[in-house]
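# Please work out how this folds:
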Amino acid sequence: MDNKDKGNANIGIGLCFLVLGMTQIAYSSSTRPTGRWSFVLGPLFDSFGQLGPPMFFIIFGVLFVVFGLSLRSRK
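Residues are numbered from 1 along each chain as shown. The predicted structure follows:
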């Protein structure tokens with residue numbers, strides 16, 4: 001895999017994270033998250049309210065997209 005393919009893969013994963021974050025904003029729940037990811041999403045919910053967990057996914061999406069674009073620009 002060259003850098004362009006790795007960059008495209010990271011951009012695709014980042015876009016998936018962004019869509020997941022937007023979907024969670026649209027269908028947000030007012031209860032604290034429980035389950036497997038509650039140790040990460042629970043404190044985010046406690047600190048930032050119901051927009052905490054969606055912002056987690058949006059930030060990761062932006063990081064993946066920026067990293068993918070930087071990989072694509074390398075030769």
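# what's the closest non-adjacent residue to the residue positioned nearest the centre of the chain?
Centroid-nearest residue in the chain, with CA atoms, centre = their mean: Phe57, separated by 2.6 Å. Spatial nearest neighbour of Phe57, excluding adjacent residues (CB to CB, 6 or more residues apart in numbering): Gly21 at 3.6 Å. C-betas here are computed from N, CA, C, even on glycine.
# Could you say which helix or strand holds that neighbour?
Secondary structure assigned from DSSP states H and E places Gly21 in helix 3-26.
# In this structure the residue nearest to Phe57 contacts Pro54, no?
Yes. Assessed by CB atoms under 8 Å, Gly21 is found in contact with Pro54 at 4.6 Å.
# how about Gly52, what does it touch?
41, 44-46 (CB atoms under 8 Å, 6 or more residues apart in numbering).
# Generate CSV for those residues, with distance to Thr31, secondary structure and pLDDT as supplementary columns.
Supplementary listing: these in CSV, determined by distance: CB to CB, whole Å; DSSP: H, G, I helix; E, B strand; the rest coil; pLDDT from 0 to 100:
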residue, distance to Thr31, secondary structure, pLDDT
Leu41, 11, helix, 88
Leu44, 14, helix, 90
Phe45, 9, helix, 91
Asp46, 12, helix, 92
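# I appreciate the help and will end here.
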